[in-house]
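Model the following, please.
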Amino acid sequence: MRDSPPFTARITASHGRIYFVTDSLGQTFEAARKGKKGDAVVGDIVSCSAPIGGKVSILAIEPRRNCLFRSDEKRVKILASNVDVVAVLFAERPTFNPWFVWKALVASKTAGITPVLLQTKAELSTPESAASHFAQKLESIGETILKIRAKTEPEATCNHLAHVFEGKTVLLVGQSGMGKSTLINTLDPEARIRTREFSKALDIGKQTTTETRLYSLTLGTSSFEIIDSPGFQEFGLTHVTPYDLLNAMPDIARYVTGCRYYNCTHTHEPGCSVMTALKEGRIDPERHAFYAALLSEITRSPFASRV
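Residues are numbered from 1 along each chain as shown. Coordinates of the predicted model:
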């Protein structure tokens, strides 16, 4: 009897180096990467061996349309591949980190993926709250904000997101406790993701999602996909180049013409048009501080030699 030929599937869940792939017929198999490699991610289109006992080997990964990366001083990690939108979540509680959101925006734009900001738990915010002020700042630099009330207005939340995300694959990104699991449960009540109350004492969310998973959703006449990933607190960008960083921050990049020096870093040099705009109040001081800090982080990283 001849061996069955390899088949094409898509990775729809991962936990460490354990994967689940789904083929064109909707059949799902547990999978492992051949050679014990850990280079496959949710969203990948892969070639798999014929199933044996409901399990397959991932033989090869097809070229990716895009990837969303985050990194630290030791490694670069791919969060997901072949996505259309990165939805970055922030909320009034637990306390969110604005720089996390800005880093996620830089990562998305550098990867060529459209970012959308989701202000979750919007029912907890007032016009004077930190999340509301932050949303206004994001809008002032041209970002799209969607205010979500998944717990108090579930039907409206489903209808709104079904319209915005129709036909797209959306990766959810956010710090722990920002409401990703609640949002998934609202969009798909059968997802059964455990949603825990965050610790008020520690002011940090408890990480309830331990795997990355893709959900195929149909709400009314709209179909779309959501990739839910584990919450985390830091979003390193040491793999990003200074050029990428500047291009991902148009509120600063628009002022770079006219600098005295061709290699101006736009952080301190005399005759810098960015510094002039900063002094004149045309650039938000916190945004420039973020730019300068991230530029310093990038240039000191072990990846800087290759940019």
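
what's near enough to touch the residue nearest the centre of the chain?
Closest to where the C-alpha atoms of the chain average out (CA atoms, centre = their mean) is Val173, at 3.9 Å. Applying CB atoms under 8 Å, 6 or more residues apart in numbering, we find Val173 in contact with Leu68, Leu79, Val86, Ala87, Val88, Leu89, Ala104, Ser229, Phe235. For every residue, glycine as well, the C-beta is placed using N, CA and C.

Could you list which of these belong to helices?
Ala104 (DSSP state H).

tell me which of the contacts of Val173 is nearest to Ser132?
Of all those, Ser132 sits closest to Leu89, with 15.4 Å by CB to CB.

Report the beta-bridge partner residues of that closest one.
Leu118, Gly174 (DSSP bridges).

How about Ala32?
What pairs with Ala32, by the bridge criterion (DSSP bridges), is Ser57.

So it versus Phe20, what's the distance?
With the distance defined as CB to CB, to the nearest Å, Ala32 ends up 11 Å from Phe20.

of these two, who's got more company?
Phe20 (20 against 15; other CB atoms under 10 Å).

so the more buried one bridges to which residues?
Applying DSSP bridges, one finds that Phe20 bridges with Ala13, Glu30.

Which elements pack onto the longest helix anywhere in the chain?
When the chain is parsed with DSSP H, its longest helix is helix 285-299. Here helix 285-299 touches helix 98-110, helix 242-247, helix 250-253, helix 273-279, going by 3 or more CB pairs under 8 Å, 6 or more residues apart in numbering; DSSP states H and E.

if you set the cut-off to 6 Å instead, what comes out?
For helix 285-299, there is no helix or strand it packs on, judged by 3 or more CB pairs under 6 Å, 6 or more residues apart in numbering; DSSP states H and E.

Could you figure out how far it is turned away from helix 98-110?
Counting by axes from the mean of the first three to the mean of the last three CA atoms, to 10 degrees, helix 285-299 lies at 60 degrees to helix 98-110.

Need the contact partners of helix 285-299.
Trp99, Trp102, Val240, Pro242, Met249, Ile252, Thr267, Leu278 (CB atoms under 6 Å, 6 or more residues apart in numbering).

and of the residues you listed, the nearest to Leu183?
Closest to Leu183, out of all of the contacts of helix 285-299 and judged by CB to CB, is Trp102, at 21.1 Å.

For the closest one, list the residues it contacts.
So Trp102 contacts Phe290 (CB under 6 Å, 6+ apart).

Same question for the one 4 residues further on.
Applying CB under 6 Å, 6+ apart, we find Val106 in contact with Leu237, Ala248.

Surely Asp251 touches Ser140?
No: counting by CB atoms under 6 Å, Asp251 does not reach Ser140; the two are 8.1 Å apart.

of the two, who's got more company?
Using other CB under 10 Å as the criterion, Asp251 and Ser140 rank with Asp251 on top: 17 against 11.

how close does the more buried one sit to Leu105?
11 Å.

Next one: Thr209, what pLDDT does it get?
Listed pLDDT for Thr209 reads 50.

now the stretch 1-150 of the chain, which segments are flagged as low pLDDT?
Under the criterion pLDDT under 70, the flagged ranges of the stretch 1-150 of the chain are 1-3, 36, 72-73.

Domain ranges for this protein, per the record?
With domains defined by automatic domain parsing, the chain comprises 7-61, 67-228, 242-306.

Need the winner for burial among those.
domain 67-228 (a mean of 18; mean count of other CB atoms under 10 Å).

Pull the distance from it to the chain's centre.
Domain 67-228 has its C-alpha centroid displaced from the chain centroid by 8 Å (CA atoms, centre = their mean, to the nearest Å).

Likewise for stretch 242-250?
Distance, centroid of stretch 242-250 to centroid of chain: 17 Å (CA atoms, centre = their mean).

Can you name the residues in contact with it?
Under CB under 6 Å, 6+ apart, the answer for stretch 242-250 is Val106, Lys109, Thr110, Ala253, Tyr291, Leu295.

if you set the cut-off to 7 Å instead, what comes out?
105-106, 109-110, 142, 252-253, 256, 291, 294-295, 298-299 (CB atoms under 7 Å, 6 or more residues apart in numbering).
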